[in-house]
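A.B. asks: Below are the sequence and a predicted model; questions follow.
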Amino acid sequence: RGPPGRGMAAVAFERRVLRRAAEHHYLRVRLELPDGGARLNAAQFKQLVVTALRELHGEVGAALPVDVLTYEEKTLSAILRVTSSGFVKLWSALTLLGFYQNRRCAFRVLQTSPFLLALSGNSRELVLD
């Protein structure tokens, strides 16, 4: 029973902590090409990601396992998966890439999470009727 004078029993709370770090991290990214015109297919987009890694981190960086889980050619947007140990390397390489085929470009990292489900919806893009 709870403390005297109260009709409710005491409730015990248990805190649970994730002891093992996530194996992967996910990034929602968009490639911005200010002068427009260029359309990349999924293979070209992946090659650009590898190029960004190679330019900043060399051949070791280019060997970092990165998967393009979804790619939308119309908006040049993708969801990337990388091992958690390579997360910072990927993000820094994408951020510092400035050119694609001698034209200015920029990767924008829109969302990141160790959980893919967290990237499935974005409340900022929610349209209410």
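C.D. replies: The structure has been received and is ready for your questions.
A.B. asks: all strands for this structure, in order.
C.D. replies: Along the chain, counting by DSSP state E, strands occupy 24-32, 66-72, 77-83, 99-100, 103-104, 106-113.
A.B. asks: which helix is the longest one in this structure?
C.D. replies: As assigned by DSSP state H, the longest helix anywhere in the chain is helix 42-62.
A.B. asks: what residue lies at the spatial centre of this protein?
C.D. replies: With distances taken as C-alpha atoms, centre = their mean, Leu27 lies nearest the centre of the chain, 0.6 Å away.
A.B. asks: can you tell me the average pLDDT over the longest helix of the chain?
C.D. replies: Averaged over helix 42-62, pLDDT sits at 95.
A.B. asks: May I see the buried residues of that helix?
C.D. replies: 45-46, 48-49, 52-54, 56-57, 61-62 (16 or more other C-beta atoms under 10 Å). All C-beta atoms are positioned from the backbone trio N, CA, C, and that covers glycine.
A.B. asks: how about low-confidence regions in the chain?
C.D. replies: In the predicted model, the chain carries pLDDT under 70 at residues 1-10, 15-20, 37, 121-129.
A.B. asks: For His57, which non-adjacent residue is closest in space?
C.D. replies: Lys89 (5.6 Å; C-beta to C-beta, 6 or more residues apart in numbering).
A.B. asks: likewise Val66?
C.D. replies: Using C-beta to C-beta, 6+ apart, the closest residue to Val66 is Val82 (5.0 Å).
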